[in-house]
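**Student:** Coordinates only, no sequence provided:
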Ligand SMILES: O=C(COP(=O)(O)O)[C@H](O)[C@H](O)COP(=O)(O)O
């Protein structure tokens with residue numbers, strides 16, 4: 001798929017979910033490199049690849065998996081000594097990222113399943129491959145489990161979730177988002193995915209996640225977040241905030257109805273922030289951690305992010 005097609009599909013949400021966005025972006029970068037004519041000038045190749053990367057980065061602002069994946073693939077390309085080396089590094093890094101991202105999902109699924117006791121009822125929100133992977137793995141291990149899945153207005157990602165759960169013959173109850181608190185008494189634990197995790201262990205995920213986590217906290221039910229290490233955002237160490245995407249208001253209310261309500265304002269933020277105190281565990285491919293250890297993951301697994309931050313500080317000091 002071309003860079004433009006991939007970017008369009010991410011914007012239109014045909015490609016969605018933080019992990020998938022990252023993998024598809026990386027595979028589009030790899031394919032794009034193959035379409036560029038060989039010039040023998042490494043700087044031309046790098047410039048073309050940066051333009052392609054910028055196009056992808058401008059698609060959706062919240063899932064940090066996208067800039068992290070682009071950085072993982074592009075970082076060593078930028079210092080390549082010649083065009084052939086740059087092409088080889090890009091290909092290798094892209095393939096490595098896609099492979100390790102899938103492996104991470106498998107590992108998270110097994111660890112996540114270990115945290116789902118036999119006979120438990122799990123609530124999930126939105127459509128997360130990491131969260132669903134854990135539920136499906138628990139079922140594969142022979143555990144008798146049930147799921148409550150929310151609708152996820154306005155895009156109804158819950159329908160994709162219930163289709164997958166149904167395909168795996170997992171008994172599922174489908175509820176509207178506002179039924180989460182009422183239904184929490186039937187539930188033993190909540191499992192969701194993440195679009196970004198900040199240095200203080202807060203989790204950015206689909207709008208509504210924080211309400212569900214709050215209800216779970218009130219009802220003394222565990223909240224488990226499943227997230228690959230590339231969902232952690234090292235730049236939050238510097239105080240950079242995760243941008244919450246606002247999508248068109250007509251996803252919430254059709255324009256013709258809105259036009260008749262001149263005093264009504266519509267807002268459509270599509271992600272929210274769940275503070276660390278409402279999260280019991282974050283399961284990554286590197287192990288399950290309490291949210292306050294987010295910094296450790298950033299240091300150990302996204303070390304480049306910290307190196308870059310250090311360079312920024314050094315240049316600030318020089319200025
Ligand atoms: O919030 C969403 C998707 O939002 P959208 O539908 O707006 O992209 C998912 O919970 C996370 O991206 C994690 O998904 P995964 O575990 O698959 O990476």
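**Tutor:** Nice, thanks for sending it over. Computed from a predicted structure; not experimentally measured.
**Student:** From residue 198, how far out is the residue nearest to residue 197 when sequence neighbours are not counted?
**Tutor:** Distances taken as CB to CB, 6 or more residues apart in numbering place residue 232 nearest to residue 197, at 4.8 Å, with adjacent residues excluded. Using the backbone N, CA and C atoms, a C-beta is placed for each residue, glycine as well. Residue 232 is 8 Å from residue 198, where distance means CB to CB, to the nearest Å.
**Student:** Of those two, give the one with the bigger neighbour count.
**Tutor:** Ranked by neighbour count (other CB atoms under 10 Å), residue 232 and residue 198 place residue 232 first, with 28 against 25.
**Student:** show me what contacts the residue nearest to residue 197?
**Tutor:** With contacts defined as CB atoms under 8 Å, 6 or more residues apart in numbering, the neighbours of residue 232 are 64, 68, 196, 197, 294, 297, 298, 301, 302.
**Student:** Could you find the closest non-adjacent residue to whichever residue of the stretch 51-200 of the chain sits closest to the ligand?
**Tutor:** Sorted by distance to the ligand under CB to the nearest ligand atom, the residues of the stretch 51-200 of the chain start with residue 193, at 2.9 Å. In space, residue 193 comes closest to residue 128 once its chain neighbours are excluded; the distance is 2.5 Å by CB to CB, 6+ apart.
**Student:** Now do the same for the one you found: its pLDDT.
**Tutor:** At residue 128, the pLDDT value in this model is 98.
**Student:** For residue 71, see how far away it is.
**Tutor:** Separation of residue 128 from residue 71 (CB to CB) stands at 22 Å.
**Student:** So between those two, which is more surrounded?
**Tutor:** Taking residue 128 and residue 71 together and counting by other CB under 10 Å, residue 128 has the greater number of neighbours (27 against 17).
**Student:** right, and the helix or strand after whichever helix in the chain runs longest?
**Tutor:** Longest helix in the chain, counting residues (DSSP state H): helix 83-114. The helix or strand immediately downstream of helix 83-114 is strand 121-124, counting by DSSP states H and E.
**Student:** what does that following strand contact?
**Tutor:** Contact partners of strand 121-124, identified using CB under 8 Å, 6+ apart, comprise 116, 131-132, 135, 145-150, 161, 180, 183-184, 186-192, 212, 216.
**Student:** Throw together a PyMOL command that grabs the buried residues out of these.
**Tutor:** Isolation of the buried members of these (16 or more other CB atoms under 10 Å) is achieved in PyMOL through the command below:
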select buried, resi 116+131+132+135+145+146+147+148+149+150+161+180+183+184+187+188+189+190+191+192+212+216
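**Student:** Inside strands: which ones of the contacts of strand 121-124?
**Tutor:** Among the contacts of strand 121-124, the subset assigned to strands under DSSP state E consists of 146, 147, 148, 149, 150, 189, 190, 191, 192.
**Student:** What sits closest to residue 295 if chain neighbours are left out?
**Tutor:** Excluding the flanking residues, the one nearest residue 295 by CB to CB, 6+ apart is residue 199, at 5.4 Å.
**Student:** Confirm that the one you found sits in a strand.
**Tutor:** No: the assignment for residue 199 by DSSP: H, G, I helix; E, B strand; the rest coil gives coil, which leaves it out of any strand.
**Student:** got a list of what it touches?
**Tutor:** Residue 199 makes contact with 233, 234, 236, 237, 294, 295, 298, according to CB under 8 Å, 6+ apart.
**Student:** between those residues, which is nearest the ligand?
**Tutor:** Nearest to the ligand, judged by CB to the nearest ligand atom, of the contacts of residue 199 is residue 233 at 13.5 Å.
**Student:** Please list all residues in contact with the nearest residue to residue 231 once chain neighbours are set aside.
**Tutor:** Excluding the flanking residues, the one nearest residue 231 by CB to CB, 6+ apart is residue 194, at 4.9 Å. Contact partners of residue 194, counting by CB under 8 Å, 6+ apart, are 18, 128, 130, 203, 204, 205, 225, 226, 227, 231, 282.
**Student:** Could you point out which residue ranges in the protein have low pLDDT?
**Tutor:** Of all residues in the chain, those with pLDDT under 70 make up the ranges 304-319.
**Student:** what about the strands in it?
**Tutor:** In order along the chain, the chain carries the following strands (DSSP E): 121-124, 146-150, 172-175, 189-192, 196-197, 203-206, 222-226, 271-274, 281-284, 287-289.
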